[in-house]
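A.B. asks: build the 3D model from these lines:
(one chain, ligands or ions: 2)
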Amino acid sequence: MAQSHVLGLPRVGAKRELKFALEQYWRKEISQEQLQQVATTVRENNWQSAQDKGIDWLTVGDFSFYDQVLDTSVLLGVVPERFEAGKADNLLDNYFRIARGSAPEGKQVQPSEMTKWFNTNYHYIVPEFTEEQSFSLNFDLLAPQIEQAKQYSAKLKLQLIGPVSYLWLGKARASNEFDKLGLLPKLVKTYQELLTHLKTEGVEWVQIEEPILALDLDDKWLNAITQAYTELGSESEVKLLLTTYFGHIADKFDRVAELPVDGLHLDVVSGGIDQLSEVVDYWPKSKVLSVGIVNGRNVWRNDLRQSLKALGAIKSRYGDNLWLSSSCSLLHSPVDLRSEQQLDAELTSWLAFAEQKVQEIADLTAALVKGEEAVRIALEASDASVASKKTSSRVHDLNVQERTTNITDILRQRQSEFSQRKLAQRAHFNFPVLATTTIGSFPQTDSIRQARRAFKAADISEQEYTLAIQKEIQQAIHEQEAVGLDVLVHGEAERNDMVEYFGEQLNGFAFTQFGWVQSYGSRCVKPPIIYGDVSRKQAITVEWSKYAQSLSHKKVKGMLTGPTTILAWSFEREDLPAPQIADQIALALRDEVLDLEKHGIDVIQIDEPAFRELLPLRKSEQPEYLEWSVNAFRLSASGVADTTQIHTHMCYSEFNEIIDSIARLDADVITIESSRSDMELLQIFNDFKYPNEIGPGVYDIHSPRIPTKEEVSELIELAAKHVPVDQLWVNPDCGLKTRNWDQVRPALKNLVEAAVEARQKL
Ligand code: GLN
Ligand code: ZN
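C.D. replies: Ligands and ions are numbered 1, 2, ... in the order given. Model prediction:
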């Protein structure tokens, strides 16, 4: 009765060992053997721990030096032509060249593109296909992992991205785009060879992942699934566990049930537990049903009692064929709660990171196999955790709850419409047309980092720290006045991170020391944990903004992070719906906005770079998200007078389907990233007749390159073709914190000069 497995484990290491080793290797400080040794240890720890906990199937292939999609490309021989020239004579360096453009050995080259992995904060390397793409297997990355895994007594299951999702994730590289699906027959042949080979390597099951099944798919792609698995499944010697995650596949149960595969994995966390009662009508009991019931993307302890109850309805139907697992790979979870030394006992008792989640899967399985008595201690601990969270006064703040229930639509509404506010603001500010500004941050120099670190370590007093940051603000203001920008910023020197900084000053947030999650390559993020009702402890940015404003006669923009972005880049609580969490954050921000206004800051930017990112994968779920997300923004912004100008900012932006929601934010000014798309993005705003003001980025801040005045002028001219010039602002694509002053200074000078020239031509 019931078996356990995990879709995949984090590979960064409990103390980010792999990250540091990678970066040392890239800097040529350690050898490839030393890097391999760290990788071997990471896998050893993962497998040993899974085996010790009694997990039935060991997962191989979940390790990666950079990204699992890139590993798949290498495995299938999908390496773009341009990486051939100046190749290194070892595989790993060529692998890193694809990911990063450079490696200790081999020529520098334009790396492959990177993009977001579905709706997560993980980024993958986009496969590039040519129309004549051929596939050929290369086991060099995978073979040592399989070899190492054989040392364990548990049975082997290989994690593998399926052929259809693999094609879907890649891009067709050609002058005229061809149909990627034309490559499917060839690709399926290669997968067949692969499966045959795996059998000889002692792999019994392949967890073949088709995450695209959780998307809205058209017939073409659905048929591709049928075609691929009909061929793969009927001949495969290894067993296939068709694996989906990040959503439900209830609309495709009928189709999936017809495929000749041996098992199916469902994500019943993000896809909903209801899938269990529906799937039994389709999925035979003679096949494996893997239930992803432990959340792979959040940090909360599983309510074991509740999970067992849900499983109760299907356990006798599937018996031995019932597998329990994580909802998705634990790649998206922090590694080990035991590393945390600074969280208190109560909070700790509510949490589970990857290590603890593996234990939960083992415990749930043991409860089904041996009876609940066998895991009594675990069950009791889980019950106690649930009970304490339900009643804890740290979680539930009656004041916040009352305030959120009393929110009315009026609170989400500016006093006047934009057309009227525009007149009031023009009279009040008298900014020039094509007014120039920046997005908020200025270079995070060593002196800034040193000051912050010293203050955190209590090596300097609060007063000394304040003086240090004030010095940075002075420099930022001075530099901006020198180049002649119209609306200034204070530079964000006091912020390590745009979400963590606010979270630290809000009730309801907790911070970990080692809660790192891979974002891309060696880069990790450490999202705060929202565990309780959110409120503002005290004014957050007011003193810094006031100080900055005191230094200049020009306007200095206040700078806040918006509710959706704070939510998106945190681990959110599961006991309160997202719209309510967003509203709580919005109310705290609203207080901050009004405080800023009261102190004379009447240009205020509320950043929402994650607005697009949180858009649900399924069309049917998008309107609801857009509704609450827009509402939360409006709640944070709408308390101000007509003469206060609200800005917002969004980076990477596919605005196509959401332009009406962007308009509904009703920000007086929106700045967007657009320099690399040659202003094409603005066409959407034009088609929509977007009424408010827009600052399309005219300086690509992602590159160290300094744009010339002519380049900026060209972009301004292009922008003016799409949007009436009196609606336009001139600004960089995004914040400048990753640049240095020697780049920023001349770039901003060119930007301002180009704007001034453009004005003269009007
Ligand atoms: N105000 C932020 C900055 O300039 C915005 C960052 C972002 O868009 N990600 O750094
Ligand atoms: Zn940005």
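A.B. asks: C-alpha from now on. contacts and neighbour counts both.
C.D. replies: Will do.
A.B. asks: where does the stretch 1-150 of the chain get nearest to ligand 1, which residue?
C.D. replies: Using C-alpha to the nearest ligand atom, residue 121 is the residue of the stretch 1-150 of the chain that sits closest to ligand 1, at 13.1 Å.
A.B. asks: can you tell me the element that residue falls in?
C.D. replies: No secondary structure element spans residue 121, as it lies outside all helices and strands (assigned by DSSP states H and E).
A.B. asks: tell me the contacts of it?
C.D. replies: residue 519 (C-alpha atoms under 8 Å, 6 or more residues apart in numbering).
A.B. asks: repeat for the one 4 residues further on
C.D. replies: Under the criterion of C-alpha under 8 Å, 6+ apart, the contact partners of residue 125 comprise 67, 69, 70, 99, 112, 113, 114, 115.
A.B. asks: now the stretch 151-300 of the chain, which segments are flagged as low pLDDT?
C.D. replies: For the stretch 151-300 of the chain, applying pLDDT under 70 flags the ranges 175.
A.B. asks: let's see 90
C.D. replies: Applying pLDDT under 90 to the stretch 151-300 of the chain picks out residues 153-154, 173-178, 234-236.
A.B. asks: can you list the residue ranges for strands in it?
C.D. replies: 155-161, 171-172, 205-209, 239-243, 263-267, 288-294 (DSSP state E, counting those that start in this stretch).
A.B. asks: among these, which is nearest ligand 2?
C.D. replies: strand 171-172 (24.9 Å; C-alpha to the ion).
A.B. asks: partners of the closest one in the sheet?
C.D. replies: Applying DSSP bridges to the sheet, strand 171-172 is found paired with strand 128-129 (parallel).
A.B. asks: so how far is the strand it pairs with off the chain centroid?
C.D. replies: 24 Å (C-alpha atoms, centre = their mean, to the nearest Å).
A.B. asks: what does the helix or strand just after that strand rub up against?
C.D. replies: Sequence-wise, the next helix or strand downstream of strand 128-129 (DSSP H and E) is helix 143-149. Residues outside helix 143-149 that contact it (C-alpha under 8 Å, 6+ apart): 47, 58, 60, 61, 156, 201.
A.B. asks: next one: the residue nearest the centre of the chain from residue 238, what distance?
C.D. replies: Central residue of the chain (C-alpha atoms, centre = their mean): residue 121, 1.5 Å from the mean position. In this view, residue 121 and residue 238 are 32 Å apart by C-alpha to C-alpha, to the nearest Å.
A.B. asks: and for residue 141?
C.D. replies: Distance of residue 141 to residue 238, given as C-alpha to C-alpha: 20 Å.
A.B. asks: same question, residue 252
C.D. replies: Residue 252 is 24 Å from residue 238, by C-alpha to C-alpha.
A.B. asks: higher neighbour count, these two?
C.D. replies: It is residue 238, of residue 252 and residue 238, that has more neighbours when counted by other C-alpha atoms under 10 Å, with 20 against 14.
A.B. asks: you'd agree the more buried one is up against residue 195?
C.D. replies: Yes: assessed by C-alpha atoms under 8 Å, residue 238 is found in contact with residue 195 at 6.4 Å.
A.B. asks: so for stretch 245-252, what gets flagged as buried?
C.D. replies: By neighbour count on 16 or more other C-alpha atoms under 10 Å, the buried set for stretch 245-252 is 245, 246, 247, 248, 249, 250.
A.B. asks: wait, I meant stretch 368-383
C.D. replies: For stretch 368-383, a neighbour-count test (16+ other C-alpha under 10 Å) marks 368, 369, 372, 375, 378, 379, 382, 383 as buried.
A.B. asks: after the helix or strand hosting the first one comes which helix or strand?
C.D. replies: With elements taken from DSSP H and E, the one containing residue 368 is helix 354-370. Past helix 354-370, further along toward the C-terminus, the next helix or strand under DSSP H and E is helix 376-391.
A.B. asks: tell me the mean pLDDT for that following helix?
C.D. replies: Averaged across helix 376-391, the pLDDT comes to 97.
A.B. asks: do the same with stretch 404-421
C.D. replies: 98.
A.B. asks: ditto for stretch 493-503
C.D. replies: Rounded mean pLDDT across stretch 493-503 is 95.
A.B. asks: do stretch 574-585 as well
C.D. replies: Averaged over stretch 574-585, pLDDT sits at 97.
A.B. asks: flag every residue of the protein that's near ligand 2.
C.D. replies: Proximity of the chain to ligand 2 (C-alpha under 5 Å from the ion) is limited to residues 651, 734.
A.B. asks: helix or strand for the residue in the chain positioned nearest to ligand 1, which one?
C.D. replies: The minimum distance from the chain to ligand 1, using C-alpha to the nearest ligand atom, falls at residue 735 (3.0 Å). If you go by DSSP H and E, residue 735 is not part of any helix or strand.
A.B. asks: tell me, how many residues neighbour it?
C.D. replies: Applying other C-alpha under 10 Å, we find 20 residues neighbouring residue 735.
A.B. asks: among the contacts of helix 143-149, which pair sits farthest apart?
C.D. replies: Spanning the widest gap among those are 47 and 201, at 17.8 Å by C-alpha to C-alpha.
A.B. asks: more neighbours, the two?
C.D. replies: Under the criterion of other C-alpha under 10 Å, the comparison of residue 47 against residue 201 puts residue 47 first, with 23 against 14.
A.B. asks: name the residues linked to the nearest residue to the more buried one once chain neighbours are set aside by a beta bridge.
C.D. replies: Take residue 47 and drop its neighbours on the chain: the residue closest to it by C-alpha to C-alpha, 6 or more residues apart in numbering is residue 58, 6.7 Å away. Beta-bridge pairing for residue 58 (DSSP bridges): residue 156.
A.B. asks: what lines up beside the helix or strand hosting residue 606 in the sheet?
C.D. replies: Here residue 606, judged by DSSP H and E, is contained in strand 603-607. The pairing partners recorded for strand 603-607 under DSSP bridges are strand 555-561 (parallel), strand 645-650 (parallel).
A.B. asks: send the alpha carbons of the longest one over as CSV?
C.D. replies: The C-alpha coordinates for strand 555-561 follow below in CSV (Å, rounded to 0.1, in the frame of the first residue of the first chain):
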residue,chain,number,x,y,z
LYS,A,555,11.1,67.4,-6.9
VAL,A,556,12.4,64.2,-5.3
LYS,A,557,10.3,61.1,-5.9
GLY,A,558,9.3,58.9,-3.0
MET,A,559,10.0,55.3,-3.7
LEU,A,560,7.9,52.3,-2.6
THR,A,561,7.4,48.7,-3.6
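A.B. asks: quick check: next helix or strand after that strand?
C.D. replies: Next along from strand 555-561, by DSSP H and E: helix 563-568.
A.B. asks: repeat for the shortest one
C.D. replies: The element immediately downstream of strand 645-650 (helix or strand, assigned by DSSP H and E) is helix 659-665.
A.B. asks: within range of ligand 1, give me the residues from the stretch 51-200 of the chain.
C.D. replies: For the stretch 51-200 of the chain, no residue is in contact with ligand 1 (C-alpha under 6 Å from any ligand atom).
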